[in-house]
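Chemist: need a 3D model of the sequence below.
(chains A and B)
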Amino acid sequence: ETGVTQTPRHLVMGMTNKKSLKCEQHLGHNAMYWYKQSAKKPLELMFVYSLEERVENNSVPSRFSPECPNSSHLFLHLHTLQPEDSALYLCASSEDVRDRNEQFFGPGTRLTVL
Amino acid sequence: KNQVEQSPQSLIILEGKNCTLQCNYTVSPFSNLRWYKQDTGRGPVSLTIMTFSENTKSNGRYTATLDADTKQSSLHITASQLSDSASYICVSLGGSYIPTFGRGTSLIVHP
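Modeler: Below is the predicted model:
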């Protein structure tokens, strides 16, 4: 285990639903990240948080809304998603936002939008 | 534009055989390069990391090489095992500290 947990592991939702993904890291890290991984594509960085402050938002649609209540927890709130949003959503953490390549990944949430 | 290209896209080998995966990067300035292993349905796990001054690094049966002049890296897997079946992702980090990910190589090891 990497010290980063994600729940749920699988999620199926309709386009009108509202759901949230949760990530928790037990490593004492200060930076947390959300990635989207679609089939045959490189990982896409969505959001970066450093000490609970959002430091990067990679032009992600507003139907994805992140929340970082403390340095150990990160949420991704989902609403009115589209079928093309179906993907594996990965959370990661690192000691510091400057060490973006020293990241530890969670197992991911497999999201299916019907 | 920073890019990482991996080849082959997929590879099938027999258990016990060796294989080599390739990564070409055009990240500038260059900070380091990392190889990750991602099992199906799991998150990526780091195998090796190399900086500009390192040209070889091993982790058990995995050996990564880096040629900073040609901007190429390879991951060599020795005596493959069924558990090596996974996607192998090359990631390069440049001066902006934003990682650039490759699409990955899908490796299948058959008994």
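
Chemist: drop to CA atoms for contacts and neighbour counts, all remaining ones
Modeler: Fine.

Chemist: would you mark the buried spots in the helix or strand of chain A with the lowest mean pLDDT?
Modeler: Counting by mean pLDDT, DSSP states H and E, the weakest-scoring helix or strand in chain A turns out to be strand A:53-57, with a mean of 79. If you call a residue buried by 16 or more other CA atoms under 10 Å in any protein chain shown, then strand A:53-57 has these buried ones: residue A:54.

Chemist: not counting residues beside it along the chain, what's closest to residue 20?
Modeler: With no chain named, the answer covers chain A. residue A:77 (4.3 Å; CA to CA, 6 or more residues apart in numbering or on different chains).

Chemist: oops, chain B please
Modeler: Residue B:20 sits nearest to residue B:76 (CA to CA, 6+ apart), 4.3 Å away.

Chemist: which ones are touching that neighbour?
Modeler: Residues in contact with residue B:76 (CA atoms under 8 Å, 6 or more residues apart in numbering or on different chains) are B:18-21, B:62-64.

Chemist: excluding its backbone neighbours, what's nearest residue B:30?
Modeler: residue B:94 (4.5 Å).

Chemist: my error: substitute residue A:68 in the last question.
Modeler: residue A:74 (4.6 Å).

Chemist: partner residues bridging the one you found?
Modeler: Assessed by DSSP bridges, residue A:74 has beta-bridge partners residue A:23.

Chemist: tell me the SS of the most centrally placed residue in chain A?
Modeler: With distances taken as CA atoms, centre = their mean, the residue of chain A nearest its centroid is residue A:34 (2.9 Å). Counting by DSSP: H, G, I helix; E, B strand; the rest coil, the backbone at residue A:34 sits in strand.

Chemist: which residue is the nearest non-sequential neighbour of it?
Modeler: residue A:91 (4.7 Å).

Chemist: what does residue A:22 give?
Modeler: Residue A:22 sits nearest to residue A:75 (CA to CA, 6+ apart), 4.6 Å away.

Chemist: just residue B:44 next, same as before
Modeler: residue B:38 (4.2 Å).

Chemist: report the contact partners of that neighbour.
Modeler: With the criterion set at CA under 8 Å, 6+ apart, residue B:38 makes contact with B:44-45, B:86-89.

Chemist: what of residue B:18?
Modeler: Residue B:18 neighbours (CA under 8 Å, 6+ apart): B:76-80.

Chemist: again, only this time at 7 Å
Modeler: B:77-80 (CA atoms under 7 Å, 6 or more residues apart in numbering or on different chains).

Chemist: and what of residue A:96?
Modeler: Counted by CA under 7 Å, 6+ apart, residue A:96 has contacts A:29-31.

Chemist: now with 10 Å, please.
Modeler: A:29-32, A:49-51, A:102-103 (CA atoms under 10 Å, 6 or more residues apart in numbering or on different chains).

Chemist: next one: residue A:33
Modeler: Counting by CA under 10 Å, 6+ apart, residue A:33 makes contact with A:23, A:45-50, A:54, A:56, A:66, A:74, A:90-94, A:97, A:100, A:103-105.

Chemist: correct me, but residue A:13 touches residue A:110?
Modeler: No: using CA atoms under 10 Å, residue A:13 makes no contact with residue A:110, being 11.1 Å away.

Chemist: which neighbours do those two share?
Modeler: Common neighbours of residue A:13 and residue A:110 (CA under 10 Å, 6+ apart) are residue A:86.

Chemist: which residue sits closest to residue 43, ignoring its sequence neighbours?
Modeler: I'll assume chain A. Per CA to CA, 6+ apart, closest to residue A:43 is residue A:37, 4.9 Å.

Chemist: please go with chain B instead
Modeler: residue A:107 is the one closest to residue B:43 (CA to CA, 6+ apart), at 4.3 Å.
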